[in-house]
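# fold the following for me, if possible:
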Amino acid sequence: MHPFLDRRQFLGSSSLALSQIALAHLLGRDGSLAAADADAAPLRPHIDPANPNASRQPHFPPAAKQVLMIFCAGACSHLDTFDYKPELIAQHGKPMPGGDKLVTFQGAQGALTKSPWTFRPRGTCGKMISDLVPRLGDLADDLCFIHSLTGKTNTHGPGENFMNTGNTLDGFPSVGAWTTYALGSENDTLPAYVAIPDPRGAPQTSGNCWNAGFLPAAFQGTDFNATHPVRNLARPNAIPPAADVATRNFISRLNAHHLQRFPGDSELAARISSYELAARMQLSVPAVSDISGEPAHILKLYGADATGNAIQNTKAGYARNCILARRLIEQGVRFVQLFNGAYQVGGEGVSNWDGHKVLQDQYTVHGEIFDQPTAALLIDLKQRGLLRETLVVWCTEFGRMPTFQAGASGRDHNPAGFTGWLAGAGVKAPFSYGATDDFGYKAVENVATVYDFHATILRILGLDHERLSFYHNGLERRLTDVHGHVIHDVLA
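I've put the predicted structure just below:
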């Protein structure tokens, strides 16, 4: 067939196309298409520049009003924590079928390797969970596991970005930023979104995990921890309290006068709003971050009273961060992001979950630091009734291989299948969704993407991930891009 249209074909196809355009215009004008379009139209929240974090209504009734997201930096191994594989035990020491053809992050694969930790039935549900995390295992009846997560990258930085922002590149808004953009906050004296890095430092991509990207800066996470809540917030000792109050009142009057001269300047209004929040935080942040008044039995529950060697000191620091996270949830902070694992000290696998070379030694340390405080956080939230309106999310950037690396005693990166879990408001528990193959290498049942994970989180908050958007550079941007499906099976 000749690749070019003749005159008759061109006119025929053109007239058909023009008639379709005309019909669409007429249908749109009389409303026949308008209803369908309205159901799919982008929904952008109305933001008051003078109060960008004012509480806003969700798209539909939510199951949860707040989120606590716990992220283990370094790619915590699903095969040594929550994904039990009897066949991996049976085939221990043997080559992985097809494994010789796999190209992984650090080169050649060794043999299939069972977990160094025993898996046991936990809770009344009998869920098999590793001895590495026994206290979390005791809470199996409260957890909703997704065993079939898949990622897009096997590199830590892009993987952290993807799980925390929905994009492998830097500069995109985090899940917390999208949440506060949509819903604002229930508390006007604290930030709507707080990120709590590990006591040892930040994750590899640092503030990118809690930034606002192209969303207004008001929705960026504020990072602080139990030891140093917010930098440069305290009043200098040389300034008397009365003088400080008088100065702030005077500045407030100047700002109000300036805003009257430029009533349409949203950036000016937002800047004034941020200064006013900072002033309120001088009182609210020290109050919420001071855990000295916590009773001894609570400190003991979390392990915040641990002392001795460096491991116990780090555990106590992480435990104090967990207590801080609970206190922030109590105060109505919309989104709290808690990190375990850092990249500023120690190198590969030492201060994070990146267990390439000596996984057993490193994970023994990480499990000691992570397990008790995290389990205590869930117990404490539940006993205070906070799980009724709070969704708890646990995740990591990707999984790890069922083999040990050739010439090493650790597992390489693996985005083909890994585990995350949910707890609290809006989810079934105990419940397990999806599965990896017999060795834990690849998701094979109810395969779920990170986009699906994010879509489900938004759904529990009463938000439609396909419609929550922000217009940027000619595009309607979404957390889930053009992907994602709500995992309805996990919803209560």
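
# now the helices for the stretch 51-200 of the chain?
Under the criterion DSSP state H, counting those that start in this stretch, helices of the stretch 51-200 of the chain are mapped to 86-90, 134-137, 156-165, 175-183.

# just checking, what packs against the shortest one?
Put plainly, it is helix 134-137. Judged by 3 or more CB pairs under 8 Å, 6 or more residues apart in numbering; DSSP states H and E, helix 134-137 is in contact with strand 127-130, helix 359-383. Yep, even glycine has a C-beta here, placed from its N, CA and C like the rest.

# contacts for the shortest one?
Translated: strand 127-130. Taking contacts as CB atoms under 8 Å, 6 or more residues apart in numbering, the residues outside strand 127-130 that touch it are 80-82, 84, 115, 117-122, 136-137, 140, 143, 145, 430, 432.

# quick check on those residues: which are buried?
For those, a burial check counting by 16 or more other CB atoms under 10 Å picks out 80-82, 84, 115, 117, 119, 122, 136-137, 140, 143, 145, 430, 432.

# any weak-confidence spans in the stretch 1-150 of the chain?
1-39, 100-104 (pLDDT under 70).

# repeat that for the stretch 201-350 of the chain.
228-229, 231-233, 264, 266, 270, 346.

# and the nearest residue to Ala448 once chain neighbours are set aside, how many neighbours does it have?
Using CB to CB, 6 or more residues apart in numbering and skipping residues adjacent in sequence, the residue nearest Ala448 is Ser148, 5.0 Å away. Per other CB atoms under 10 Å, the neighbour tally for Ser148 reads 25.

# quick check: Ser148 touching Ala443?
Yes - between Ser148 and Ala443 there is a contact under CB atoms under 8 Å: 3.9 Å.

# and for these two, which residues touch both?
Common neighbours of Ser148 and Ala443, using CB under 8 Å, 6+ apart, are 417, 434-436.

# who wins for neighbours among the residues you listed?
Gly417 (29 neighbours).

# one step back: and which of the buried ones among the contacts of strand 127-130 is nearest to Met401?
Using CB to CB, Asp80 comes nearest to Met401 of the buried ones among the contacts of strand 127-130, at 11.5 Å.

# and that closest one, what does it touch?
Counting by CB under 8 Å, 6+ apart, the residues that Asp80 touches are 115-117, 130, 132, 359, 363, 400.

# if you set the cut-off to 7 Å instead, what comes out?
The contact partners of Asp80, by CB atoms under 7 Å, 6 or more residues apart in numbering, come to 115, 117, 130, 132, 363.

# for Tyr318, see how far away the last one is.
Meaning Tyr363. Counting by CB to CB, to the nearest Å, the gap from Tyr363 to Tyr318 is 15 Å.

# and stretch 344-352, how far apart are its ends?
By CA to CA, to the nearest Å, the extent of stretch 344-352 from end to end equals 10 Å.

# picking that back up, got the shared contacts of Ser148 and Ala443 as CSV, with pLDDT and distance to Lys152 columns?
Converted to CSV, the shared contacts of Ser148 and Ala443 look like this (pLDDT from 0 to 100; distance: CB to CB, whole Å):
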residue, pLDDT, distance to Lys152
Gly417, 98, 13
Gly434, 99, 17
Ala435, 99, 20
Thr436, 99, 17
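
# mind listing what the residue nearest to Gln344 when sequence neighbours are not counted touches?
Leaving aside its sequence neighbours, Gln344 sits nearest to Gly201 (CB to CB, 6+ apart; 3.0 Å). Contacts for Gly201 (CB under 7 Å, 6+ apart) come out as 342-345.

# can you tell me which of those residues has the most neighbours?
Neighbour max across these (other CB under 10 Å) = Tyr343, 24 neighbours.
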